[in-house]
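Colleague: Model the following, please.
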Amino acid sequence: MPGQIDASRKVVIEEVTPQLDCGRYAIKREVGDTIEVRADIFKEGHDAISAAIRYRAEDEEEWREAPMKFWDNDRWTGSFTPDRNCRWHYTVVAWTDFFGTWQSDLRKKYDAGQEVVLELFEGAEIVARTAAAAPKGEREAILEHLAEMIGDVLDHEAAPVKWKWAQFEKGAAAAEDRTIAERVAAALDPGLLEVMERVPLREDLTEFEPVLPVQVDRVPARFAAWYELFPRSMADDPSRHGTWTDVIAKLPYVRDMGFDVLYFPPIHPIGLAFRKGKNNTLGAGPDQPGSPYAIGSKDGGHRDVHPELGSMKEFRRMVAAAAEHGLEIALDFAIQVSPDHPYAEAHPSWFFVRPDGTIKYAENPPKKYQDIYPLNFYGEDWEAQWKEWRDVILHWVEQGVKIFRVDNPHTKPVQFWEWMIREVQRQHPEVIFLSEAFTRPKMMRALAKAGFSQSYTYFTWRNFKGEIIDYLEELTQGPMKDYFRGNLFPNTPDINPEFLQRGGRPAFMIRAVLATTLSSVYGIYSGFELCEGTPLAPGKEEYLDSEKYELKAWDWDRPGNIRGLIRRLNEIRKENRALHEYENLRFYPADDDNILFYGKMTPDRASLIFVAVNLDPFSAHEGMLHFPLPEMGIGWHDPWEVEELLTGERHFWHGGSHWIRLDPGAPARIFRVRAWRSSEHGFDYFMEPTLV
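Modeller: Predicted structure coming up:
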């Protein structure tokens, strides 16, 4: 109906990208990222259009602007760069370029020998209206140009509505101070166009709706290496419970391998009721440590630390010591409680109560978890419970923790996570959340949309060439790249994959190279560097003598360990900017089906990294690798140099196809390209500077 039409919206703006579910959720970027925005922008007729991106931080009132340019077929493009860690908003605005349209038409008509006095009058009106709305300094510059256009014919400082065409026509015909040609020249003066573009007349400005959100995280949300360990096993003595002092003593071990994040499973008091024993057996005695996921006892709950680890003061001392070693601490946030947790007595309405009045324990039939109570997020007192979990996170933020790995988030409401993460990040935008949801794909995606900064992936079970390519392209090149940052863990305390169980040391080397180079963020659970893969039983993914149920004493120098490889891989990641990015992964042809070949490069091609991996831990494979020379900026006949970053070897190559052999004992090569590019002056040698 005509009454529902907004006639002021004269420009069509649609297909704005990036956006997530029509602006329902925020896309994700990091501080310093350039966000490319594109949109279809057009209107009826032949008028010229101008457009811009409007963007601002959530706590800013004024919009900033970045220009957009016509690209092709009514598609426009522009970009902006958020400069701090917080939620941002952006949209697209467009308007008729009245002056640009008029100036183009004037030039065409004058060049065709047509009468243009009326056109000069129309242009003078546009210029005068622009001057009236412009800031003082710009207004003066515009009026100077306007005077050159109309001379003494009209009072150029008078309001345009007071001008009369008959007056202008008569004056222009009789004026002797300048010719029509001079007036046209003044109207087409590039200086006038420049100032008019600085303060354009936006009488029909149209804004795209809705305004779109982007969560701008700090860089470790995209680029980081995680190392997981159990603090209680850091005494190196299976008869003594580890302490925060023992963890501090292990910090150099973690740092020297090149990790950025040190992640702990739950560190809270552990309940006694139905405590699990060795290898997840029932009926453990009080002398057995139990599962740290059975949270809560007489010693406290989710805001407390297990007393055998030490005090909260000692915990804060450990956090500070980790920071001195360049390590951030990440904590496991597991929303579940032991029957001994203070919440069970204080808040019975937070749980599922059975007809006999007992609280229902957790189970995944036929599995039973009698040592754990799940929470009812939709009970009568749900609002108080939600706020309590938020406040638990805020409590640990106050202790210096800014990263949380969330256990089984898919068993809690998605809307809870959306609310809770926003509540925390409004106060502390630096907080990072990792979703541990090995579940259905759509639920994993929904959790990422709801706000999780990173997500576990199916990489853990993707072993063969085709499935790795398909899955990683889905993660890094499809729609998921805007909101789902895949953190690649080849193992966890719960998952001892069959590939690692059966493939031995070569399998650990293969998965280490893949995890560190396919994604910009990855992690390992301690024991991986020691090639620990003994299963509980054939066909089982659980570890024999799992650290989840007992104290361990690791031989950190176990023969056959791959600590040196992991250290070198982390060095390579930090030294090469291409490996800092997530969505620049591309796969390339390799003639053998067991050799995976892929690369990453920066837009300026200053950093070019290519990786070839033998996916077979039992046999050697060989074949041709086909490098994408045009993408690399190298001509087919140009010479180019590669450095093999794992071996130190160098090669001087021509052409794009090169043979390789990869043995199980050395299953991968990582190539850094140093290109000699031909030019009219000879050859230019481009080298990437080493990052510090």
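
Colleague: for the stretch 101-250 of the chain, what spans make up the helices?
Modeller: Here the stretch 101-250 of the chain has its helices, by DSSP state H, counting those that start in this stretch, at 117-133, 136-150, 165-174, 180-187, 190-198, 244-256.

Colleague: Which of these has the lowest mean pLDDT?
Modeller: When those are compared on average pLDDT, helix 165-174 comes out lowest at a mean of 54.

Colleague: For the closest residue to H395 other than its chain neighbours, which three-state class applies?
Modeller: In space, and not counting its chain neighbours, H395 is closest to R303: 5.0 Å by C-beta to C-beta, 6 or more residues apart in numbering. Placement of C-beta: from N, CA and C, glycine included. For R303, the assignment made with DSSP: H, G, I helix; E, B strand; the rest coil gives coil.

Colleague: Can you check which helix is longest in this protein?
Modeller: Ranked by residue count, the top helix of the chain under DSSP state H comes out as helix 498-518.

Colleague: And that helix, what does it pack against?
Modeller: Here helix 498-518 is seen to pack against helix 465-477, strand 521-525, helix 563-575, strand 595-601, strand 608-614, strand 668-679 when contacts are counted using 3 or more C-beta pairs under 8 Å, 6 or more residues apart in numbering; DSSP states H and E.

Colleague: Residues touching the second one, excluding its own?
Modeller: It refers to strand 521-525. The set of residues that contact strand 521-525 without belonging to it, under C-beta atoms under 8 Å, 6 or more residues apart in numbering, is 221-229, 261, 263, 454, 485-493, 512, 515-516, 566, 582.

Colleague: Now intersect those residues with the strands, please.
Modeller: The strands in this structure, assigned by DSSP state E, contain 224-228, 261, 263, 454 from the contacts of strand 521-525.

Colleague: and E44, how many neighbours does it have?
Modeller: Counted with other C-beta atoms under 10 Å, the burial measure for E44 works out to 8 neighbours.

Colleague: ok, so what distance separates it from R129?
Modeller: Taking C-beta to C-beta, to the nearest Å as the measure, E44 falls 22 Å from R129.

Colleague: Same check on V521?
Modeller: Counting by C-beta to C-beta, the gap from V521 to R129 is 53 Å.

Colleague: Neighbour count: those two, which is higher?
Modeller: In this view V521 and R129 are compared by other C-beta under 10 Å, and V521 has more residues nearby, 25 against 17.

Colleague: what stretches of this protein score poorly on pLDDT?
Modeller: Residue ranges of the chain with pLDDT under 70: 1-3, 151-178, 676-692.

Colleague: and the closest residue to L514 other than its chain neighbours, bridged to which residues?
Modeller: Distances taken as C-beta to C-beta, 6+ apart put V613 closest to L514, at 6.1 Å, once the chain neighbours are dropped. In this structure, V613 bridges to L596, A668 when assessed by DSSP bridges.

Colleague: Near V613, how many other residues are there?
Modeller: V613 has 25 neighbours, counted by other C-beta under 10 Å.

Colleague: And H651, which helix or strand is it part of?
Modeller: When elements are defined using DSSP states H and E, H651 is found to belong to strand 650-654.

Colleague: following that strand, which helix or strand shows up next?
Modeller: Later in the chain than strand 650-654, the nearest helix or strand by DSSP H and E is strand 657-662.

Colleague: packing partners for that next one?
Modeller: Here strand 657-662 touches strand 608-614, strand 621-626, strand 668-679, going by 3+ C-beta pairs under 8 Å, 6+ apart.

Colleague: Now do the buried residues in it.
Modeller: Of the residues in strand 657-662, those with enough neighbours to count as buried (16 or more other C-beta atoms under 10 Å) are 660, 662.

Colleague: Can you pull out the residues in contact with that strand?
Modeller: Here strand 657-662 has contacts from 595, 612-614, 620-627, 651, 668-669, using C-beta under 8 Å, 6+ apart.

Colleague: now for the ones in strands among the contacts of strand 521-525, which pair is the farthest apart?
Modeller: Of all pairs drawn from the ones in strands among the contacts of strand 521-525, the greatest distance, 15.0 Å, lies between Y227 and Q454 (C-beta to C-beta).

Colleague: For these two, indicate the residue with more neighbours.
Modeller: The residue with more neighbours, out of Y227 and Q454, is Q454; 27 against 24, by other C-beta under 10 Å.

Colleague: so the more buried one touches F433, yeah?
Modeller: Yes: in this structure, Q454 is within contact of F433 by C-beta atoms under 8 Å, at 7.4 Å.

Colleague: Give the residues shared as contacts by these two.
Modeller: Shared contacts of Q454 and F433, defined by C-beta under 8 Å, 6+ apart, are absent.

Colleague: Give the buried residues for the host helix or strand of E383.
Modeller: Take DSSP H and E as the rule and E383 turns out to sit in helix 382-398. Of the residues in helix 382-398, those scored as buried under the neighbour-count criterion (16+ other C-beta under 10 Å) are 382, 385-386, 388-390, 392-393, 396-397.

Colleague: neighbouring contacts of it?
Modeller: Applying C-beta under 8 Å, 6+ apart, the external contacts of helix 382-398 come out as 302-303, 331, 333, 335, 347, 350, 375-377, 379, 404, 416, 419-420, 423-424, 427-428, 431.

Colleague: Got a PyMOL select line for the buried ones in these?
Modeller: The command below creates a PyMOL selection of those among those that count as buried (16+ other C-beta under 10 Å):
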select buried, resi 302+331+333+335+347+350+375+376+377+379+404+416+419+420+423+424+431
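
Colleague: Tell me which of the contacts of helix 382-398 fall in helices.
Modeller: Checking the contacts of helix 382-398 against DSSP H, those in helices are 416, 419-420, 423-424, 427.

Colleague: and which of those residues is nearest D59?
Modeller: Each of the ones in helices among the contacts of helix 382-398 was scored against D59 by C-beta to C-beta, and Q427 proved nearest at 11.7 Å.

Colleague: which residues touch that closest one?
Modeller: Per C-beta under 8 Å, 6+ apart, neighbours of Q427: L394.

Colleague: quick one: it from K402, how far?
Modeller: The spacing between Q427 and K402, counted by C-beta to C-beta, is 12 Å.

Colleague: Show me the chain divided up by domain.
Modeller: In the assignment given by automatic domain parsing, the structural domains of the chain cover 2-94, 99-198, 225-334+381-580, 586-685.

Colleague: mind listing what the residue nearest to L514 touches?
Modeller: V613 makes contact with 510, 513-514, 595-597, 662, 667-668, according to C-beta under 8 Å, 6+ apart.

Colleague: Buried residues, stretch 72-81. List them.
Modeller: The neighbour-count criterion (16+ other C-beta under 10 Å) identifies 76-78, 80 as the buried residues of stretch 72-81.

Colleague: ends of that stretch, how far apart?
Modeller: Stretch 72-81 stretches 23 Å from its first residue to its last (C-alpha to C-alpha, to the nearest Å).

Colleague: Pull the residues that contact that stretch.
Modeller: The set of residues that contact stretch 72-81 without belonging to it, under C-beta under 8 Å, 6+ apart, is 32-42, 51-53, 55, 64, 66-71, 90, 92, 94.

Colleague: Try it again at 7 Å.
Modeller: 32-42, 51, 53, 55, 66-71, 90 (C-beta atoms under 7 Å, 6 or more residues apart in numbering).

Colleague: Which of the residues you listed are buried, as a ChimeraX select command?
Modeller: Selection of buried members from these for ChimeraX, criterion 16+ other C-beta under 10 Å:
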select :33,35,37,38,39,41,51,53,55,68,90
